[in-house]
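Q: sequence and predicted model, in that order:
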Amino acid sequence: MAKKAEDRTYNVSVIGFSGSENVKGPVGVGKSCLCNRFINDVADKYHMEHISVLSQTDFAGRVINNDHFLYWGETTKTDEGNNFTFHVIEQTEFIDDVSFQSFKTGRTDNYYKRSTQVKVQSAEKLMYICKDQLAWTYGGMETDSAYEQKLMPEGKLNIDGFICCFDVSKVSQTTMVHQVDFVIALLNAAMKTKKPIVLVTTKNDDADKRYLQEVAKIAARKDYKGNIPIVETSAHKNVNVEQAFLVLAHMMDKNKRRPIITPYIDAFKQRQEIEEVAIEAYKNLLRIHVTDPKAVFKSYLRKLEKEPDFNHYVELLGTENAKKLFRQHARQLREDQIRKREQIFSTRLPDLIQRFLPDLETIGNRSWSACQKYIKDHKDFNHYFVEVCKPGEGETWKMVPKFIDNYNETRTPFDILSSPEGEAVYQKHLKQLQEAHKKIQLMQQFKKLLSETPQVTPGATLEDTYLLFVGKDCYIGLSQAERDDVFDDFQEDLKYQVKHELHELLWERTATFIQQRMQPNSSHKLTQDDLNSIKAEIEKDPRYRRLDKMEDERDVILINHLGFLECPSSEQCYYKELCAETQVQSVLETAAKTVNRSSNRISAVSEKECPLNLVLLGNEDLANKLLKQIREMFEHDLFQYNDTIYQVDYRPIGEDVSLEQNAFQTAEFKPNGCLCMYKSESSLNYIASSLETVLTADVPEEESLRNLPIVIIHEYDPQLSEKDSMKLSQKGQDLARKYGFRLKLLINICSLLHHINVSFSFVYSDFSFYLT
């Protein structure tokens, strides 16, 4: 049978539980799968389904050839440097699909005797490949060459050994006892041939522990004397299939030692490791070559077939699995693509909801669905959102490849708002708004509580006063940092208020300070005695005492005020940018830009014209002097400011205003403002008495001038000493302060009259301005 021991050929018969369905159950024990996997180790040539119920035509065809065995062909395996060639037949029982009885043949031997014969023959018998092959042969004539047609050598084989299969999976409608009894009888018949036998357990990937234990008991029977080894296999998983035949080969080659049999669990792990390496290599190949989510396996197949890693994978796991893994990879690419875009949209979503629903007032009583409609109707909707699909139809942007692949479209799909994630972002945004609103209310309540607590004085700390608030909801509901912020903010407002009040006090007592500084024994420099004397004058005033905890700051304010009185300037003025001189300068600079000083002509772009009636008040010819100066500035009494032209009319008054000819207003003249000028105490007294007469006159409301804007101008007189000039200036301030509730500070109101009045004043560069 063999030319040399190192290169032998063996004929193996695979036997096992066989018969009709009511004998062996609905499925076979796995003989065909075992043979198929051994002969065709390539995954694509492995078939998981085989049949034993045939038509008369199929049974008579050249593949079955009216026999109850199949010829599976030959294969060569290498083990320990030796080549073993195997011819494999499978002994089975074919059932007629009409009668559901075993086909009758020329021999009437039962399965035990027939399957254990050491000589089998069948002239012109073709190699079996799969069940679909049977459809291509009829009555012994080949009708197609789709399958390889290989004859059993010489039409006969002498069997060298047996592989007996035992199904260790739990099969429905079949009892373990039936299979055990059948296999024992089969082994007993095979033992009589004196040929080597290997007991192979099949379907170990779904093994039942009780069946494994029963197989061990069978092999341990005394009758077999330990000469029947057990090999655990799984044809579906391709585990230990080759080893079963190689163990038998070593038993048939008596000069070779029996190899060590690997338990199924260990062999399965080894097989898994091999497959995992192949899978990872194939996945890596896909990651390198396939980057398009729209990729199709068929279009990449020719390229992949040039790669050894792909061919190795297909050999182990098959083309169908390669195709599935390819599709899985493409789906993963698509999912990654969607996930990246979704991440961008998710990151952007909170800002979008904040943009369209910025506050609780906007949200109102709207539900989330109503808020979505509000967003859709918003004028900026198309700038930030795009409608990829219609909400409510079960479709989302993730199902629209055209949108997913369009990277030029950067707007957020509107249907994301309808997703659970979109609603979750909205609910979080709503909660934050509600918490922020509640926090603001608590902070306002706490600030109000501070204002109502007399113990919280300027300069006090929260640490000194917190016991007054413990237990209050507005205090408990805030964090320590928030309490500190509110308290500091309140203190800042409180300090500003009391400082302002102190300044008011100091300005009220300005005459006292000046008189004290004018005393004969007063030194040129301010001494500590002077300062103490001044403090003694005001220390009983509540506005002074409220700064007791801020004594240093109070002293600084007092010293700065006294310094300002000694040498007044806009830089040293407490009111900074609100200082009248600073604001006058600012307005004059603005006005200068709109007046063409070289020609005094009106710009052609002016569109509006308004009347402007001014009362010029001042005796000692001051009113006429002011009128002359103003008229020198403008041609035809026209004045342009921004895009408005003013037609200015004047009413100079220097006599008794109680007389009709000196009245502020007449039937033809309704004043818009009044400019008052003084340069001496007598001219100031004239202004004071005149304003008193006009502003307190008992006239109908519509004729009242109580709200007439007024500017008081002090013209500097170089003949007066500095102290006399300061006294006169202070009296002008006192007059402005006296009528402060009625006179308008034109610098601080946004009216064109205000700007015009001040712009007239810039020619009097030697004048001081005292405006209410």
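A: Received it, and whenever you're ready, just let me know what you need.

Q: okay, now the residue lying closest to Glu387 once chain neighbours are set aside: neighbour count?
A: Nearest residue to Glu387 in three dimensions, chain neighbours excluded: Phe414, at 5.0 Å (CB to CB, 6 or more residues apart in numbering). C-beta here means a position set from N, CA and C on the backbone, and glycine is covered the same way. For Phe414, the neighbour count with other CB atoms under 10 Å is 21.

Q: contacts only, for Phe414.
A: Gln372, Ile375, Lys376, Phe385, Val386, Glu387, Val388, Pro391 (CB atoms under 8 Å, 6 or more residues apart in numbering).

Q: those residues into CSV, with extra columns for secondary structure?
A: Shown next, in CSV, are the contacts of Phe414 (DSSP: H, G, I helix; E, B strand; the rest coil):
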residue, secondary structure
Gln372, helix
Ile375, helix
Lys376, helix
Phe385, strand
Val386, strand
Glu387, coil
Val388, coil
Pro391, coil
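
Q: can you flag the buried ones in the residues you listed?
A: Among the contacts of Phe414, the ones that count as buried by 16 or more other CB atoms under 10 Å are Gln372, Ile375, Phe385, Val386, Val388, Pro391.

Q: show me the contacts for the third one.
A: Under the criterion of CB under 8 Å, 6+ apart, the contact partners of Phe385 comprise Leu352, Ile375, Lys376, Arg411, Thr412, Pro413, Phe414.

Q: for the fifth one, same thing?
A: For Val388, the contact set (CB under 8 Å, 6+ apart) comprises Thr396, Trp397, Val400, Phe403, Pro413, Phe414, Asp415.

Q: distance of the last one relative to Ile514?
A: Taken as CB to CB, to the nearest Å, the spacing of Asp415 relative to Ile514 amounts to 78 Å.

Q: ok, the first one next?
A: In this structure, Thr396 and Ile514 are separated by 82 Å, where distance is defined by CB to CB.

Q: following the chain past the helix or strand containing Ile218, name the next helix or strand.
A: Using DSSP states H and E, Ile218 maps to helix 209-219. Later in the chain than helix 209-219, the nearest helix or strand by DSSP H and E is strand 230-232.

Q: would you mind pulling the contact partners of that following strand?
A: 168, 198-201, 204, 207, 212, 215-216, 219, 239-240, 243-244, 247, 261, 263-264, 267.

Q: do the same with stretch 719-733
A: With CB under 8 Å, 6+ apart, stretch 719-733 has contacts from 507, 510-511, 514, 518, 565, 678, 680-681, 684, 712, 714, 716-717, 768, 770.

Q: out of those, who has the most neighbours?
A: Busiest of the contacts of stretch 719-733 [other CB under 10 Å] is Tyr678, holding 27 neighbours.

Q: sec struct for Asn406, please.
A: coil.

Q: pLDDT score assigned to it?
A: Per-residue confidence (pLDDT) for Asn406: 92.

Q: same question, Tyr111
A: 91.

Q: my guess is it meets Ser20, correct?
A: No: contact criterion CB atoms under 8 Å: Tyr111 and Ser20 do not qualify, at 11.2 Å.

Q: higher neighbour count, the two?
A: Tyr111 (22 against 15).

Q: quick check: that one vs Leu352, distance?
A: Distance from Tyr111 to Leu352, by CB to CB: 77 Å.

Q: could I get the full set of helices for the stretch 201-350 of the chain?
A: 209-219, 241-252, 264-289, 297-304, 308-317, 319-356 (DSSP state H, counting those that start in this stretch).

Q: equivalent analysis for the stretch 351-500 of the chain, please.
A: Using DSSP H, counting those that start in this stretch, helices in the stretch 351-500 of the chain cover 360-363, 368-377, 381-384, 401-404, 420-451, 462-465, 473-476, 480-508.

Q: also the stretch 1-150 of the chain?
A: Going by DSSP H, counting those that start in this stretch, the stretch 1-150 of the chain shows helices at 21-24, 31-39, 56-60, 111-115.

Q: what helix or strand is the nearest residue to Ile687 once chain neighbours are set aside on?
A: Leaving aside its chain neighbours, Ile687 sits nearest to Cys676 (4.7 Å; criterion: CB to CB, 6+ apart). Per DSSP H and E: Cys676 is located in strand 673-678.

Q: that strand pairs with which strands, parallel or anti?
A: Here strand 673-678 has these sheet partners by DSSP bridges: strand 608-617 (parallel), strand 710-715 (parallel).

Q: most tightly packed of those strands?
A: Neighbour counts (mean count of other CB atoms under 10 Å) averaged over each of the strands paired with strand 673-678 peak at strand 710-715, with a mean of 24.

Q: which element follows it toward the C-terminus?
A: Beyond strand 710-715 toward the C-terminal end (DSSP H and E), the next one is helix 722-738.

Q: tell me the buried residues in that following helix?
A: For helix 722-738, by 16+ other CB under 10 Å, it's Ser725, Met726, Lys727, Leu728, Ser729, Gln730, Lys731, Gly732, Gln733, Asp734, Leu735, Ala736.

Q: ok, back up a step: where does confidence bottom out across the buried ones among the contacts of Phe414?
A: Lowest pLDDT among the buried ones among the contacts of Phe414: Pro391, 63.

Q: just for the stretch 651-772 of the chain, where's the confidence low?
A: 740-772 (pLDDT under 70).

Q: isn't Ser122 right next to Glu154, touching?
A: No: assessed by CB under 8 Å, Ser122 is found out of contact with Glu154, at 10.6 Å.

Q: ends of stretch 386-400, how far apart?
A: End-to-end distance for stretch 386-400, by CA to CA, to the nearest Å: 13 Å.

Q: with stretch 114-128 instead?
A: 20 Å.

Q: contacting residues around that stretch?
A: So stretch 114-128 is contacted by 13, 15, 18, 62-65, 67-73, 89-91, 107, 109, 137, 140, 148-152, 155-159, 162, 186, 189-190, 192-193, 195 (CB under 8 Å, 6+ apart).

Q: mind doing that once more with 6 Å?
A: 15, 62-63, 65, 67, 70-71, 73, 91, 149-150, 152, 155-159, 189-190, 193 (CB atoms under 6 Å, 6 or more residues apart in numbering).

Q: before we move on, the earlier item: with the contacts of stretch 719-733 in mind, which one is nearest to Arg554?
A: Set against Arg554, the nearest of the contacts of stretch 719-733 by CB to CB is Trp507 (15.4 Å).

Q: distance of that closest one relative to His500?
A: For Trp507, the distance to His500 - CB to CB - is 11 Å.

Q: Val29 too?
A: Applying CB to CB to Val29 and His500 gives a distance of 105 Å.
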